[in-house]
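J.: what's the 3D shape of this:
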Amino acid sequence: MKNRMPFTIAKTETFYDKLSEWIGDLFYDILPEAGFELRDEQIYMAFQLEKAFKEKKVMFAEAGVGTGKTIAYLLYAITYARYKNQPSIIACADENLIEQLVKKEGDIAKLEKILGLNIDVRLAKSRNQYLCLQKLENERFSNASDDVGAIYDKLPEFVHSGSSMQSFEKYGDRRDYPELSDENWAKISWDSLQDCFSCEKRHRCGLTLNRDFYRHSQDLIICSHDFYMEHVWTKESRKREGQLPLLPEHAAVIFDEGHLLEFACQKALSYRITDQTLESLLVRLMENNVRDETLFTIEEVLHENEQFFSLISQFAYQVPGSEKQFINKHALLLKQGRELLDRLMKLEEELVFDSELYVISDYELKIVEEYLDQITHSLKLFLQSVNGIIWFEEQHGERTLVIMPKMVEEVMREEVFSQKKPFIFSSATLSNQGSFDYIAKSLGINDYLSFSVESPFDYENVMEVRLPAFSKADFEGKIQYLIEQINQTEGRALILVANKQELIDLKQKLPDKLAYPLYFEGDAEISTLVSEFQNNENAVLCSMSLWEGLDIPGRSLENVLIFSLPFPPNDPVFTAKREGSPNPFAEVDMPYMILRLRQGIGRLIRSEEDKGIVHILLDDHIDLGILESIQDVLPVTPKE
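T.: Next up is the predicted model:
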C-alpha cells in the first residue's frame with residue numbers, strides 16, 4: 001500500500017504529518033515549477049481540507065471561481081484513498097458534469113503528468129446512461145430505423161456469442177451514441193422496468209460489465225449526486241436480494257457543486273406511478289399463457305387504472321410557471337384509488353398461482369412483481385395523509401403521479417452523515433449571508449467544519465455586466481437583444497434559460513436569425529454538445545441545466561446571456577418549502593435565485609486569460625429590493 005503513496009512515510013512519522021508536508025511542497029515548489037500559478041486562496045483551502053480528513057468530519061468548502069477547488073480536493077481524495085486502501089467517491093451535480101473531470105485537458109490528467117502518478121479513476125454512471133440489450137432487440141423488430149440497426153450491428157462480438165467470454169470491452173455508454181436525441185435514446189436505454197438481476201443477457205450487458213469495472217477502482221470513482229443517493233437508498237434492499245450495492249466501500253466522499261445535493265436526495269426518495277407503464281406491462285403479461293382468472297383480473301386493473309388517471313387529470317390543476325400540476329384529493333379520486341389498490345392486490349395473489357404453474361418467464365414475472373410492489377406501496381402513501389409532496393405530470397400523452405418526501409434530513413442524518421468519514425461539500429455557493437446553517441439543516445448535518453474564500457480573479461479588468469430591462473410582454477425585444485449581442489461577439493455565447501418553456505421558445509425563434517452554429521440542450525448527448533461548443537469557437541449553446549459545472553476557458557465563451565432571473569418554479573416542491581417558512585420569498589425564492597444566478601455568472605471567467613460580458617435580462621418593473629440583492633452579488637458594478 002505504501003509504495004502507491006506519492007510520498008514516503010518513515011516509521012516515526014504519521015500519514016497526516018507527511019501529507020501536510022507533501023501538500024506544502026506541492027503548492028510552494030512542485031506546482032509553481034510546473035507552470036501553476038501560486039494562489040493564496042487555494043493554499044488556504046488545501047490546509048483547511050486536511051482538518052476534515054484528519055477528523056473524519058463534514059466540511060463545507062466554499063471557494064470562489066478560479067480558486068482551484070478541484071485540484072485541492074483531488075490531492076486529498078487520491079492520497080486518502082491509498083492510505084485507507086478504498087476508493088474515494090467524487091459525486092458531481094449531474095451526469096452532464098462527470099465527464100468534465102476526466103477529459104484529456106482536465107485536472108486529473110494534469111496531476112498525473114506533474115506528479116508522475118498513474119491515477120485509477122473510473123466513472124459510475126446512472127443506469128439510464130446505458131444501452132439495454134432487451135429494449136434494443138425489441139426496438140429492432142418493431143422499428144426498422146437505420147439508427148437502431150446500426151447500433152445493433154456495431155455491438156461487440158461477444159454480445160452475440162453464446163460461448164464463454166475470454167475478453168470483453170466496455171460498450172453501451174450514452175456517450176457512445178452522441179447523434180441520438182434524448183427522446184430516441186430513451187427507447188433503447190435502461191429504464192425502471194428492466195429487471196437486470198434476472199435478465200438472461202445480464203453477463204454480456206454493457207451496464208453490468210461497467211459496474212464490475214468501476215467497483216475495482218483503487219483511487220477514484222466519479223458519479224452523479226443522483227447515483228450516489230440511489231446507492232444510499234438501495235444498498236440494503238440490494239443486499240437482501242443477493243446483489244452488491246451500487247458503490248463499493250469507500251474512504252471519503254466529495255460532493256462537487258454540493259449545494260445541489262438536497263434535490264438529489266428528494267429525487268431518490270420519490271415514487272412514480274405512470275399510467276402507460278402499468279398498461280404496457282400488463283398487456284405484455286397477457287401474451288403469456290396465464291390463467292383465465294388472471295386475465296380477468298388484469299382487465300379489471302387496466303379499467304380501474306384508466307379511471308384513476310382520468311380522475312387525477314380532472315382534479316389536477318396547473319399553476320403558471322410550473323410543469324408539475326397540483327392535485328385536489330377529492331373524495332371521488334380517493335375512492336377510485338382504493339378500488340385500484342384492491343384490484344392490484346388481487347392481481348398479486350393471482351400471479352402467485354401462475355408462478356407455480358410456470359406459465360410466465362421468470363424475467364417477465366420478476367419485473368411485474370417488482371412494479372406491482374412499487375405501485376401498491378405508492379398508492380397506499382397517496383391514500384394516506386403522508387408528510388410528503390404529491391404532484392401530477394402530463395407529457396407526451398403520458399400521465400404520472402409523483403410522491404416525494406417533504407423532508408430528507410432525518411434519513412440523511414441516519415444513513416449518510418452518521419458514518420465516520422470525510423464528507424466534503426465543494427462549491428462557490430454554499431452559504432447564505434455568511435452562514436452554512438441552511439444547507440446543514442436541510443441535510444441533517446449537526447456537526448461540521450466550514451470556510452469561505454473569494455475568487456482570485458481581477459473581475460474589474462476582465463468582466464463587464466449589463467442589466468438590460470424589458471417589459472414582460474416584449475419577448476421579441478429580448479430575442480432581438482440576444483441576436484445583437486451574439487453578433488457583436490461573433491458567437492462565443494452561452495444562453496442560460498430558467499425553464500424548459502424558455503428553451504422551447506428560443507429553439508423556435510433563434511435558428512433562422514443567427515449565422516453561427518447553434519446547439520440546444522436535448523438535441524444530442526450533453527457532453528457531446530459541450531465539446532462541440534468548446535471546439536467550435538463561434539458557436540452558441542442554449543441550456544437550462546448548465547448554470548453550474550460548465551468549464552469552458554478561452555475564446556469559445558466570451559458572452560453569457562441570462563434570459564431571465566432563475567427563480568424557483570411555482571411547483572408543489574417549492575410550494576411545500578414556502579409553506580414551511582415564515583418568510584417564503586426571503587427564505588426560499590430569493591436564496592435559490594441568487595445562488596443560481598451566482599453560478600450562472602461564474603460560467604464566464606474560468607482562467608486568468610478570460611474576458612467577456614454577462615447580460616442579465618430583467619423585467620423593467622423589477623422590485624428595487626430584488627435589484628439591490630442582484631447588484632450585491634455581482635463581481636463588478638454593472639454598466640448602464
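
J.: gap between the lowest-mean-pLDDT helix or strand in the chain and the chain center?
T.: Across the helices and strands of the chain, the lowest-confidence element by mean pLDDT, DSSP states H and E is helix 95-102, at a mean of 76. The chain centre lies 11 Å from the centre of helix 95-102; the measure is Cα atoms, centre = their mean, to the nearest Å.

J.: any idea how far Leu111 is from Leu220?
T.: 11 Å (Cβ to Cβ, to the nearest Å). All C-beta atoms are positioned from the backbone trio N, CA, C, and that covers glycine.

J.: out of the two, which sits in the busier spot?
T.: Leu220 (24 against 21; other Cβ atoms under 10 Å).

J.: who's in contact with that one?
T.: When contacts are counted by Cβ atoms under 8 Å, 6 or more residues apart in numbering, Leu220 is found next to 74, 77-78, 81, 87-90, 108, 119-122.

J.: Next, count neighbours for the residue nearest to it when sequence neighbours are not counted.
T.: Nearest residue to Leu220 in three dimensions, chain neighbours excluded: Val121, at 4.2 Å (Cβ to Cβ, 6 or more residues apart in numbering). For Val121, the neighbour count with other Cβ under 10 Å is 23.

J.: Also Leu311?
T.: 18.

J.: pretty sure it is touching Lys329, no?
T.: No. Using Cβ atoms under 8 Å, Leu311 is not in contact with Lys329; the gap is 10.6 Å.

J.: Select the longest helix from the protein.
T.: Scanning the chain for the helix with the most residues, using DSSP state H, yields helix 331-357.

J.: got the buried residues for it?
T.: 333, 336-337, 339-341, 343-344, 347, 350-351, 354 (16 or more other Cβ atoms under 10 Å).

J.: for the nearest residue to Ile622 once chain neighbours are set aside, phi and psi?
T.: In space, and not counting its chain neighbours, Ile622 is closest to Ala469: 7.1 Å by Cβ to Cβ, 6+ apart. Backbone torsions for Ala469, taken as degrees, to the nearest 10, come to phi -120, psi 140.

J.: So which of the contacts of Leu220 are in helices?
T.: Short answer: these in helices (DSSP H) are 74, 77-78, 81, 108.

J.: now, among these, which is nearest to Met59?
T.: Within these, distances to Met59 taken as Cβ to Cβ reach their minimum at Ala77, with 12.7 Å.

J.: Output the contacting helices and strands for the one helix or strand Ser426 maps to.
T.: If you go by DSSP states H and E, Ser426 is part of strand 423-427. Here strand 423-427 touches strand 58-63, helix 69-84, strand 253-256, going by 3 or more Cβ pairs under 8 Å, 6 or more residues apart in numbering; DSSP states H and E.

J.: ok so, going back, residues in contact with the residue nearest to Ile622?
T.: 617-620, 622.

J.: Where is pLDDT lowest across the ones in helices among the contacts of Leu220?
T.: Ranked by pLDDT, those bottom out at Ile108 (92).

J.: Give the residues shared as contacts by Leu311 and Lys329.
T.: By Cβ under 8 Å, 6+ apart, no residue touches both Leu311 and Lys329.

J.: which stretches of the chain have low pLDDT?
T.: 1-3, 143-144, 162-168, 195, 197-198, 358-359, 363, 386-387, 405-407, 640 (pLDDT under 70).

J.: Just want the most central residue of it.
T.: Note on the chain: the residue nearest the mean C-alpha position is Asp94, at 2.6 Å, using Cα atoms, centre = their mean.

J.: ok so, going back, what is the most widely separated pair among the ones in helices among the contacts of Leu220?
T.: Longest span within the ones in helices among the contacts of Leu220, Cβ to Cβ: Ala81 and Ile108, 12.9 Å.

J.: From Lys11, how far off is Met229?
T.: Where Lys11 is concerned, Met229 sits at a distance of 42 Å (Cβ to Cβ).

J.: circling back to that earlier point, compare Ala81 and Ile108 (neighbour count), which wins?
T.: Ala81 (24 against 21).

J.: Without its sequence neighbours, what residue ends up closest to the more buried one?
T.: Ser88 is the one closest to Ala81 (Cβ to Cβ, 6+ apart), at 4.3 Å.

J.: Contacts only, for the one you found.
T.: Counting by Cβ under 8 Å, 6+ apart, Ser88 has contacts 77-78, 80-81, 219-221, 250-254.

J.: beta partners of the residue nearest to Leu510 when sequence neighbours are not counted?
T.: Of all residues not flanking Leu510 in the chain, Leu518 sits nearest, at 6.2 Å (Cβ to Cβ, 6+ apart). For Leu518, the beta-bridge partners are Val540 (DSSP bridges).

J.: so who does Leu518 touch?
T.: Residues counted as contacts of Leu518 (Cβ under 8 Å, 6+ apart) are 510-511, 539-540, 542.

J.: Please repeat the previous calculation with a cut-off of 7 Å.
T.: When contacts are counted by Cβ atoms under 7 Å, 6 or more residues apart in numbering, Leu518 is found next to 510-511, 540.

J.: again with Ala493
T.: 486, 540, 559, 561.

J.: just Asn184 next, same as before
T.: Asp147.

J.: if I've got this straight, it is in a helix?
T.: Yes. Under DSSP: H, G, I helix; E, B strand; the rest coil, Asn184 falls within a helix.

J.: on that earlier part again, quick one, the least confident helix or strand of the chain and helix 69-84 angle?
T.: 80 degrees (axes from the mean of the first three to the mean of the last three Cα atoms, to 10 degrees).

J.: sorry, back to before: just the contacts of Ala493: which are in helices?
T.: Short answer: the contacts of Ala493 in helices (DSSP H) are Ile486.

J.: Any chance of the contacts of Ala493 in a markdown table with distance to Lys577 as columns?
T.: What follows is those, written out as a markdown table (distance: Cβ to Cβ, whole Å):
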| residue | distance to Lys577 |
| --- | --- |
| Ile486 | 36 |
| Val540 | 34 |
| Asn559 | 33 |
| Leu561 | 29 |
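
J.: Tell me the most packed of the contacts of Ala493, by neighbour count.
T.: Leu561 (25 neighbours).

J.: Was I right to think that residue contacts His615?
T.: Yes. Judged on Cβ atoms under 7 Å, Leu561 makes contact with His615 at a distance of 4.7 Å.

J.: what touches both of these two?
T.: Gln485.

J.: where exactly do the strands run in the stretch 201-350 of the chain?
T.: Along the stretch 201-350 of the chain, counting by DSSP state E, counting those that start in this stretch, strands occupy 220-224, 253-256, 271-274, 316-318, 325-327.

J.: Need those in a markdown table (columns: distance to Lys154).
T.: Output for the strands of the stretch 201-350 of the chain, formatted as a markdown table (distance: least, Cβ to Cβ, whole Å):
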| stretch | distance to Lys154 |
| --- | --- |
| strand 220-224 | 26 |
| strand 253-256 | 33 |
| strand 271-274 | 31 |
| strand 316-318 | 43 |
| strand 325-327 | 41 |
